[in-house]
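> with the input below, show me the fold.
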Amino acid sequence: MPDSRQAYYKTENIAEKGEVLWQLAHPEPAASVEWAAGYRADMSDSFIDVRPIDPGSAGWVEQYINDRWAAPLVIAHAVAFDPHQLPGYVASIDGARVGLATYHIDHMGCEIITLDSDQRGIGVGSALICMVEEAAEQAGCSRLWLITSNDNLPALGFYQRRGFELVAVHRRAIEQARQLKPQIPYIGFEGIPIRDEIELELPLPKQESDVAQR
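A predicted model of the protein is given here:
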């Protein structure tokens, strides 16, 4: 699970829980962005530099996922993914890694498997999504999609603000996911029981070759 959710679950202090939820619900305005080598988001004194995962980052990716998601595996729609073996992007600021996105392409869809940021509200997540979206378009995918849990209100808001639409609710799917990953908790944000998988998608523009074939 992401770091913010870990912070929420670990503390029993009601005030601390409230502070975590408030920060998630009131992110700072995202910075302006521009394209350079990789994706670079202008932050005045620093840049968010997003690059593809390379062999030198594999060990860091594996540890990062284990720290953030309480296990090396991520479960979605009853499939176990090993993110450190997937393609993806690492975001850095001033040479320090601050975020990660991994994805899986299957047929005409590109699924975001993980998206994590150490620094919220400055455009790290948006920068990572932009790079995954570009990779999906280059691969000829017709949609960019993902699964999140029904309690993850911050993620549901984040993706919808970026053009994603809710397309399906997979009821009780988390029960099956727990058979593959027992670390998934039963109670999530704001005391919401974690039960269902929510599917969101962003339709991608048709490629010229696809249009020409019609």
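> CA only for contacts and neighbour counts going forward, please
Fine.
> who's in contact with the strand or helix carrying residue 134?
Element membership for residue 134 (DSSP states H and E) is helix 124-138. Helix 124-138 is contacted from outside by 39-41, 48, 50, 88-91, 98-101, 103, 105, 109-110, 112, 115-117, 143-144, 204-205, 207, using C-alpha atoms under 8 Å, 6 or more residues apart in numbering.
> pull the distance from the helix or strand just after that helix to the chain's centre.
Reading on from helix 124-138 to the C-terminus, the next helix or strand found by DSSP H and E is strand 143-149. Mean C-alpha position of strand 143-149 versus that of the full chain (C-alpha atoms, centre = their mean, to the nearest Å) differs by 9 Å.
> and the angle for the helix holding residue 134 with strand 143-149?
140 degrees (axes from the mean of the first three to the mean of the last three C-alpha atoms, to 10 degrees).
> please compute how far helix 124-138 lies from its chain's middle.
Worked out by C-alpha atoms, centre = their mean, helix 124-138 lies 11 Å from the chain centre.
> how about it, which residues are buried there?
For helix 124-138, the neighbour count (16 or more other C-alpha atoms under 10 Å) marks 124, 125, 126, 127, 128, 129, 131, 132, 133, 135, 136, 137 as buried.
> same thing with stretch 94-111?
The neighbour-count check on stretch 94-111 (16+ other C-alpha under 10 Å) flags 97, 98, 99, 100, 101, 102, 103, 104, 105, 109, 110, 111 as buried.
> ok, the residues you listed vs residue 83, which is closest?
Comparing these against residue 83 with C-alpha to C-alpha picks out residue 102 as the nearest, at 6.2 Å.
> quickly find the element holding that closest one.
Per DSSP H and E, the secondary structure element for residue 102 is strand 96-106.
> need the residues that contact that strand.
61, 83, 86-92, 110-119, 124-125, 128-129, 132, 136, 141.
> still on that earlier bit, and the helix holding residue 134, C-alpha only, in CSV?
Written as CSV, here are the backbone C-alpha positions of helix 124-138 (Å, rounded to 0.1, in the frame of the first residue of the first chain):
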residue,chain,number,x,y,z
VAL,A,124,5.4,14.0,-9.4
GLY,A,125,2.3,11.8,-9.9
SER,A,126,1.2,13.8,-12.9
ALA,A,127,4.6,13.7,-14.5
LEU,A,128,4.7,9.9,-14.1
ILE,A,129,1.3,9.5,-15.6
CYS,A,130,2.2,11.6,-18.6
MET,A,131,5.2,9.3,-19.4
VAL,A,132,3.1,6.1,-19.0
GLU,A,133,0.4,7.6,-21.2
GLU,A,134,3.0,8.4,-23.9
ALA,A,135,4.4,4.8,-23.7
ALA,A,136,0.8,3.5,-24.0
GLU,A,137,0.1,5.6,-27.1
GLN,A,138,3.4,4.6,-28.7
